[in-house]
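Trainee: would you be able to build a 3D model of this:
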Amino acid sequence: MFDPVAKRTSHFMLEMDLGTMTVGRFIKKIQGYRAYWETGRHEIQYQIPAFQVLTVTTSEARLAHLLNETQRLYHQSRQFLFTTVNRYSLAEPELLITSPLFSVPASEHPTVLIEPVLTEPRQEQLLPLASWAPPLRQRVSNDRTPHVLIQSRP
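Mentor: Just a heads-up that it's a prediction; the model follows:
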């Protein structure tokens, strides 16, 4: 995924936790991801310089438990991010990237995967570029700060 603010590509491994494995087994998987990263095998196998692990789980309680156990091992690591299926909607998948939905060890506040590009709204930006181009959506925060413009897919 390309991050226009940082001007770099971010890479993610997805871990879907359905709550069926023990926390001990989950921690072994997290340790496996960390060992994979520390040995640099991701660079050889995928030609990527780094990656983060996104864990999507079933409930806030399960998220808190997995997050606490991960924090115990990797204190303030941003390599591991956690969210639940209830924090986002597949009806608006773009918000999964730019909304603060992910919890990280040793942080009280959720974080985003990629910072949204903020621009001042202009009328011409809200119109399609051509009849085949998808329209742009306009997002306005409650305090009326600058709009985040996200191109939607049909």
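Trainee: burial count for residue 72?
Mentor: Residues near residue 72, counting by other Cβ atoms under 10 Å, number 10. Heads up, the C-betas are built off the backbone N, CA and C, glycines and all.
Trainee: helix/strand/coil for it?
Mentor: helix (DSSP: H, G, I helix; E, B strand; the rest coil).
Trainee: report pLDDT for it.
Mentor: pLDDT recorded at residue 72 is 90.
Trainee: measure it to residue 35 for me?
Mentor: 17 Å (Cβ to Cβ, to the nearest Å).
Trainee: check residue 28 too.
Mentor: For residue 28 relative to residue 35 (Cβ to Cβ), the value is 10 Å.
Trainee: what does residue 100 give?
Mentor: Distance from residue 100 to residue 35, by Cβ to Cβ: 29 Å.
Trainee: buried residues in the helix ranked longest in the chain, which are they?
Mentor: As assigned by DSSP state H, the longest helix anywhere in the chain is helix 23-39. Neighbour counts over helix 23-39 (16 or more other Cβ atoms under 10 Å) mark 26, 30, 33-34, 37 as buried.
Trainee: helix or strand next in line after that helix, which one?
Mentor: Per DSSP states H and E, the first helix or strand lying C-terminal to helix 23-39 is helix 41-46.
Trainee: now do the helix or strand that that next one is followed by: which elements does it pack against?
Mentor: Where DSSP H and E defines the elements, the next helix or strand beyond helix 41-46 is strand 52-57. Helices and strands touching strand 52-57, by 3 or more Cβ pairs under 8 Å, 6 or more residues apart in numbering; DSSP states H and E, are strand 12-16, helix 60-74, strand 80-84.
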